[in-house]
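> could you work out the structure for the sequence below:
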Amino acid sequence: MPSFIALIIVYSLFVSFFGRFNANITSPLLSYLNIQTRFILDHLLFFCLGTLGVTFLFFKATGGKEPNLFKNYLSFIGKTAIIFIGGFFTSFVLLFLIAAVELNVLSLTSYISPKILGVESNTQVIKDRLKGFSSLPVIIAGENRGSVLSLTIAQAQAGKDSFYGGRIIPYFPSFLVIPARLSDSGVLLVGNSLIITDIRSSDFQKIGPITAYLMIKSYFPGKAIKSYPELSIMDKNEYLSFRKGDFEQKLQKFDEVVATIKEDIKSINSDIEDLETKVSDNESELKTLKLKREKEYTKCINTGHYESGVFIKENTKEYCQRQMEELDALVKKTEDDGKELNSTLEKDKEKLGQYQSYETFYANQKILTQEESTYISYEFGTFNPPDSIKILLSFENTQKAMGDYFVLLVHEYLHYARFDGNGKNLSTAFFDEGLTEYFARKIIKSGMGVDTNLSYPVNIKIIDQITKRISENDLFDVYYQNDQAGLEKLLDRVYGENFYKNNIILFETLQYTSDQKQILKVANDLMSELGGEALNEKDLKTTYSTFQ
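I've put the predicted structure just below:
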């Protein structure tokens, strides 16, 4: 039996060190039970064979001739089950004991040399190693505090995806760990794990662009991605100065959009006048056709001669109706044309009213923007051509901020990577910023497993709807090449001729309005055009992410 208990313990430890846990279960004990149960179910045949083997050994040992054999067998199975369960829980306790020894050894060894632990803290060495990576390193958010630092290094060594690394190490009481020697660097490299203890540090400013590059390359492996921009952290004064310049650009954009709206209004008015003339001509033509049809039918039905003072009709009603078929078809076509003309006229009148309201809106929004310095949502980063990225860090906690920080970095990196010195770019801010944020979120989700929702929430909902009919690769190609004409053709091909031209004001309005009701109305007008479900007020909210 002792050997059997040892076997169970070793088996349970093996599963704990190499098995992947369910991230939705935060309790270490429940997570442990889940991973052990799933391993048994995934290898059920093996365990059934093991049970048969134990049964065989029992009957072989007893010779199958003992009195009360069945009762003794049940007792044997019960004891085996107890040993099995006991081994499971012994293993669980041992995991914490192993962690206690490992963490304290790590702390003590850190005073001798971190490199003994396989920890690299030299920024230049880390940069050189990362440049040689063909895939993204495992990113771990840590804190440069004595007891916590040991926990972070141990997690990197064990692997944050394993049960031991993801549920035992992080939940081990830090007060039971001897404080480790603090690192002078804000980043550490342990194997293929990158530990980030301070996103504000100059060390991470050097490492960040390489990490963002690896994230983008991992998501788009076949694409040529430019490397590497300079990264720096903005202070509040720099941020306010940047915002001032951004406001001025938006004010200029308001004038451009209003000019476009006025041209569109002029064009729609011209279309309405033309349609009204066509509707009037159609009504006259329809009236003439119906009168002609009535005369010819009357003539046909009244054609005949008199015999012996009695008028004899030459044509039957059915015959005359057949003679009218060509005229009837022409009347029907003219009626249908009239309905279509009237429908188009009503749509154009509705569109005219809509564009007139946009003209008023932008005029008011320009005044609001001039007066309201806090306008414009969650743009905490900027790309300064040709190769400089600046980010404002308003986050207090490195661990919680990691996902949001990286989505800002990747967002600005994408602007840098597709920058064209000749000024080629997507002409609409909605698609330029919206697609940048869309791909940044996808890259962060793929590389770090984090859902982010910090910027442009409505833009993302609309682009999500577009990707139901247009592939990400097709969108990325036109986006990355700054192919404005290609973007318009792509949308028009899928959603109908002139879709882009007819809806560009709606797209741009979403980019420049801060009015929640206006955003929701415009967004739902677009979702209707795209065949999507209506959005609600919850869809307008931004949220901070949590990185574990």
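
> alpha carbons only for contacts and neighbour counts from here, please
Noted.

> shouldn't residue 159 be in contact with residue 166?
Yes. Counting by C-alpha atoms under 8 Å, residue 159 does reach residue 166; the two are 7.4 Å apart.

> longest helix of the chain, counting residues only.
The longest helix of the chain (DSSP state H) is helix 236-301.

> against which helices or strands is the helix or strand following that one packed?
The helix or strand immediately downstream of helix 236-301 is strand 304-307, counting by DSSP states H and E. Applying 3 or more C-alpha pairs under 8 Å, 6 or more residues apart in numbering; DSSP states H and E, we find strand 304-307 packed against strand 310-313.

> which residues are contacting the strand it packs on?
Residues from elsewhere that reach strand 310-313, judged by C-alpha atoms under 8 Å, 6 or more residues apart in numbering: 301, 302, 303, 304, 305, 306.

> roughly how far is it from the heart of the chain?
Put simply, strand 310-313 sits 82 Å off its chain's centre (C-alpha atoms, centre = their mean, to the nearest Å).

> and that strand, average pLDDT?
For strand 310-313, the mean per-residue pLDDT is 82.

> partners of that strand in the sheet?
The pairing partners recorded for strand 310-313 under DSSP bridges are strand 304-307 (antiparallel).

> got the CA coordinates for the strand it pairs with in CSV?
Presented in CSV, the C-alpha positions along strand 304-307 are these (Å, rounded to 0.1, in the frame of the first residue of the first chain):
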residue,chain,number,x,y,z
GLY,A,304,-70.4,45.1,-83.8
HIS,A,305,-73.2,45.3,-86.3
TYR,A,306,-77.0,45.3,-86.5
GLU,A,307,-79.0,42.4,-87.9
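
> show me what secondary structure element comes after the worst-scoring helix or strand of the chain on mean pLDDT.
When each helix and strand of the chain is scored by mean pLDDT, DSSP states H and E, helix 44-62 comes last, with a mean of 68. Reading on from helix 44-62 to the C-terminus, the next helix or strand found by DSSP H and E is helix 69-110.

> in which helix or strand does residue 189 reside?
Going by DSSP H and E, residue 189 is in strand 187-190.

> which residue, neighbours along the chain excluded, lies closest to residue 392?
In space, residue 392 comes closest to residue 234 once its chain neighbours are excluded; the distance is 4.7 Å by C-alpha to C-alpha, 6 or more residues apart in numbering.

> tell me how far the residue of the chain most remote from its centre lies from residue 314.
Within the chain, the residue lying farthest from the chain centre (C-alpha atoms, centre = their mean) is residue 308, at 91.3 Å. Here residue 308 is placed at a distance of 16 Å from residue 314 (C-alpha to C-alpha, to the nearest Å).

> check the secondary structure at residue 470 for me.
Using DSSP: H, G, I helix; E, B strand; the rest coil, the structure places residue 470 in coil.

> next, count neighbours for it.
Using other C-alpha atoms under 10 Å, residue 470 has 15 other residues around it.

> with residue 517 instead?
Residue 517: 11 surrounding residues under other C-alpha under 10 Å.

> what does residue 207 give?
Residue 207 - counted by other C-alpha under 10 Å - has 23 other residues nearby.

> tell me the contacts of the spatially closest residue to it that is not a sequence neighbour?
Nearest residue to residue 207 in three dimensions, chain neighbours excluded: residue 127, at 6.1 Å (C-alpha to C-alpha, 6+ apart). Residues in contact with residue 127 (C-alpha under 8 Å, 6+ apart) are 206, 207, 210.

> just those residues: which are in helices?
Per DSSP H, these map to helices at 206, 207, 210.

> my guess is residue 540 meets residue 455, correct?
No. Residue 540 lies out of contact with residue 455 (C-alpha under 8 Å); the separation is 10.2 Å.

> so which of the two has more stuff around it?
It is residue 455, of residue 540 and residue 455, that has more neighbours when counted by other C-alpha under 10 Å, with 24 against 16.

> ok so the more buried one is a strand residue?
No. The assignment for residue 455 is coil, going by three-state DSSP, so no strand is present there.

> and it, what pLDDT?
For residue 455, the predicted pLDDT is 82.

> thought it was touching residue 541?
No. Using C-alpha under 8 Å, residue 455 is not in contact with residue 541, being 9.3 Å away.

> and whichever strand or helix holds residue 509, what does it pack against?
Using DSSP H and E, residue 509 falls within helix 499-512. Packing partners of helix 499-512 (3+ C-alpha pairs under 8 Å, 6+ apart): helix 236-301, helix 429-448, helix 484-495, helix 516-530.

> go again with 7 Å.
helix 429-448, helix 484-495, helix 516-530 (3 or more C-alpha pairs under 7 Å, 6 or more residues apart in numbering; DSSP states H and E).

> what residues does it touch?
Helix 499-512 has contacts (C-alpha atoms under 7 Å, 6 or more residues apart in numbering) with 428, 429, 430, 488, 491, 492, 519, 522.

> how far away from the center of its chain is that helix?
For helix 499-512, the distance to the chain centre is 21 Å (C-alpha atoms, centre = their mean).

> and what of stretch 480-497?
Once both centres are worked out by C-alpha atoms, centre = their mean, stretch 480-497 turns out to sit 21 Å from its chain's centre.

> can I get it in PDB? Just the C-alpha atoms.
Output of stretch 480-497 as PDB, limited to C-alpha atoms (Å, rounded to 0.1, in the frame of the first residue of the first chain):
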ATOM      1  CA  TYR A 480      -2.200  48.200 -43.700                       C
ATOM      2  CA  GLN A 481      -1.600  49.500 -47.300                       C
ATOM      3  CA  ASN A 482      -3.600  52.700 -46.600                       C
ATOM      4  CA  ASP A 483      -5.700  51.800 -49.600                       C
ATOM      5  CA  GLN A 484      -8.700  54.200 -49.400                       C
ATOM      6  CA  ALA A 485     -10.000  53.200 -52.900                       C
ATOM      7  CA  GLY A 486      -9.700  49.500 -52.000                       C
ATOM      8  CA  LEU A 487     -11.600  50.100 -48.800                       C
ATOM      9  CA  GLU A 488     -14.500  51.800 -50.600                       C
ATOM     10  CA  LYS A 489     -14.600  49.100 -53.300                       C
ATOM     11  CA  LEU A 490     -14.600  46.300 -50.600                       C
ATOM     12  CA  LEU A 491     -17.500  47.900 -48.800                       C
ATOM     13  CA  ASP A 492     -19.400  48.700 -52.000                       C
ATOM     14  CA  ARG A 493     -19.000  45.200 -53.300                       C
ATOM     15  CA  VAL A 494     -20.400  43.600 -50.200                       C
ATOM     16  CA  TYR A 495     -23.100  46.100 -49.100                       C
ATOM     17  CA  GLY A 496     -24.100  47.600 -52.500                       C
ATOM     18  CA  GLU A 497     -23.100  50.300 -54.900                       C
END
